[in-house]
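Asks: I'll drop the sequence and a predicted model, then ask my questions.
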There are 2 protein chains.
Amino acid sequence: MAEKNQHHHGNLRPALIDAGIEVLKAEGLSALSLRKVAAIAGVSHAAPAHHFDGKNGLLLAIAAEGFRTFIRYMEESRAVAGPAPQAKLLGICHGYLSFAKDHDALFQLIFSPDIKNNTDTELTDAAQRAFGVLADTCALFEPSPSHPQGNEMMVWSLVHGFATLRRFHQTVPPTSNQPIQFSDILPRLTPRK
Amino acid sequence: MAEKNQHHHGNLRPALIDAGIEVLKAEGLSALSLRKVAAIAGVSHAAPAHHFDGKNGLLLAIAAEGFRTFIRYMEESRAVAGPAPQAKLLGICHGYLSFAKDHDALFQLIFSPDIKNNTDTELTDAAQRAFGVLADTCALFEPSPSHPQGNEMMVWSLVHGFATLRRFHQTVPPTSNQPIQFSDILPRLTPRK
DNA sequence: GCTTCTATCTTTACACTGTAAAGTTTGAGG
DNA sequence: CCTCAAACTTTACAGTGTAAAGATAGAAGC
């Protein structure tokens, strides 16, 4: 490894992003601080400022990386699903939900309104590619009569809300104690012929 | 008013909660601090500690208050809707979405996983009552064949995801620029006879 | 080979945050 | 009138983001 204990770290930027993801996994979003990731990477606390424009910049970079693994989750889950359109759609959603479960804090971050994005193309590109994965799968079905993107928004809202509320129910327990599967609430769409 | 400029404020607890909601409206969740609400209420920065168990306690109290106005939004929106079950359901959802739009930061707070709830009955009661408003309206329809609470969870996930993604699209703009209405993605349920 | 220069990182400093502990005031009860 | 307890203040401390100035090392030019 490029373990130079000198002044120049070598590839500090990705190291800081990795450290950030590490903190997210271990202690959650609220525990993520510039000084902590700097300490993990073995540099001074002010070093991150030269690679990211403040804390928000680090969050943007981590979020972009998060979106990329988010995409991977959906694509891999779709790949192992059956060939039928409905199976592929459910596969995407299961990937969505698996990501939310496996990367709790990262999921919180990438959809957090706290990260102010001012034309960060790296983030918006990754986010729109993530939406594209879902849109492509929705294109296998007849479009919604009410709106050209009706199916996308319906499925996207449904799975996102489901994931978010499942997180919420860890804090405020639901009234019912019968666990519900996502496939129970996903409507059947009519495949395109 | 009970404007005593002495040592004892009189009713500091609700004043701090109001100050917190005021900050949320003006500057957002990230700008909410104990010291700031204390300053607004005109007390020393450590005063809140005697009424709430730390910052999380204040957040819990604000969130409980937030859930109560959240309930009011849904009930009032249902009241002005038509008598048909589907109209009432759509009314609830519009109240849901109006609240999310009018009280952006408060909406973020009440569904934030950062507020750690350790058997705070005030919050859980309000939250479960909010869910009850939606459940009551869903009871007007035939139950989902797949799960007794299938309709509730479907509608709840749908509207919550829609609200969240609308917030998200303020940061990352959507690929399509044709605005979509919630009524376009809400499925028609079959009313109970 | 030597100098210069620039990106990278460090040091120092400051305002702000939450929290704990000890001190002060005020109003109520004996 | 005295005591006392609740409400609030004061003081202190560790942690945070950020800005500015200083140090270092590798590259670029000659």
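Replies: Arrived safely, thanks for sending.

Asks: tell me how chain A divides into domains.
Replies: A:1-51, A:63-184 (automatic domain parsing).

Asks: out of those domains, deepest packed?
Replies: Highest mean neighbour count among the domains of chain A (mean count of other CB atoms under 10 Å in any protein chain shown): domain A:63-184, with a mean of 18. For every residue, glycine as well, the C-beta is placed using N, CA and C.

Asks: any idea of the mean pLDDT in that domain?
Replies: Taken as a whole, domain A:63-184 has a mean pLDDT of 94.

Asks: straight-line length of it, end to end?
Replies: By CA to CA, to the nearest Å, the extent of domain A:63-184 from end to end equals 30 Å.

Asks: dump the domains of chain A into a markdown table; add distance to B:Phe168 as well.
Replies: Shown next, in a markdown table, are those (distance: least, CB to CB, whole Å):
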| stretch | distance to B:Phe168 |
| --- | --- |
| domain A:1-51 | 16 |
| domain A:63-184 | 6 |
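
Asks: pretty sure A:Ser146 sits in a strand.
Replies: No: residue state for A:Ser146 (DSSP: H, G, I helix; E, B strand; the rest coil) corresponds to coil; a strand is not indicated.

Asks: that one contacts B:Asp184, correct?
Replies: Yes: counting by CB atoms under 8 Å, B:Asp184 is a contact partner of A:Ser146 at 4.1 Å.

Asks: for B:Ala100, see how far away A:Asp120 is.
Replies: 25 Å (CB to CB, to the nearest Å).

Asks: same thing with A:Leu58?
Replies: Between A:Leu58 and B:Ala100 the computed distance is 28 Å (CB to CB).

Asks: got it, and A:Ile92?
Replies: Between A:Ile92 and B:Ala100 the distance, using CB to CB, works out to 25 Å.

Asks: now swap in A:Leu32 and tell me
Replies: 26 Å.

Asks: with chain B in mind, check whether stretch A:95-113 reaches it.
Replies: Yes: with CB under 8 Å from any CB of the partner chain as the measure, stretch A:95-113 is seen reaching chain B through A:Asp104, A:Gln108, A:Phe111, A:Pro113.

Asks: which parts of chain A sit against DNA strand C?
Replies: Within chain A, the residues that sit near DNA strand C (CB under 7 Å from any atom of the strand) are A:7-10, A:12, A:38, A:43-47, A:49-51.

Asks: doesn't A:Arg166 belong to a helix?
Replies: Yes: using three-state DSSP, the assignment for A:Arg166 is a helix.

Asks: what residues does it make contact with?
Replies: Residues in contact with A:Arg166, defined by CB atoms under 8 Å, 6 or more residues apart in numbering or on different chains, are A:Leu97, A:Ala100, A:Lys101.

Asks: what's the distance between the first one and DNA strand C?
Replies: The gap separating A:Leu97 from DNA strand C is 32 Å, by CB to the nearest atom of the strand, to the nearest Å.

Asks: do the second one as well
Replies: Using CB to the nearest atom of the strand, we find A:Ala100 at a distance of 27 Å from DNA strand C.

Asks: got it, and the last one?
Replies: Noted for A:Lys101: a distance of 28 Å to DNA strand C, by CB to the nearest atom of the strand.

Asks: what helix or strand does that residue sit in?
Replies: Using DSSP states H and E, A:Lys101 sits within helix A:85-102.

Asks: same for the following helix or strand past that helix, what does it pack against?
Replies: Later in the chain than helix A:85-102, the nearest helix or strand by DSSP H and E is helix A:104-110. Counting contacts by 3 or more CB pairs under 8 Å, 6 or more residues apart in numbering or on different chains; DSSP states H and E, helix A:104-110 is packed against helix A:12-27, helix A:54-79, helix A:150-171.

Asks: now with 6 Å, please.
Replies: If you count contacts as 3 or more CB pairs under 6 Å, 6 or more residues apart in numbering or on different chains; DSSP states H and E, helix A:104-110 packs onto helix A:54-79.

Asks: quick one: residues contacting A:Ala31.
Replies: Applying CB atoms under 6 Å, 6 or more residues apart in numbering or on different chains to A:Ala31 gives no contacts.
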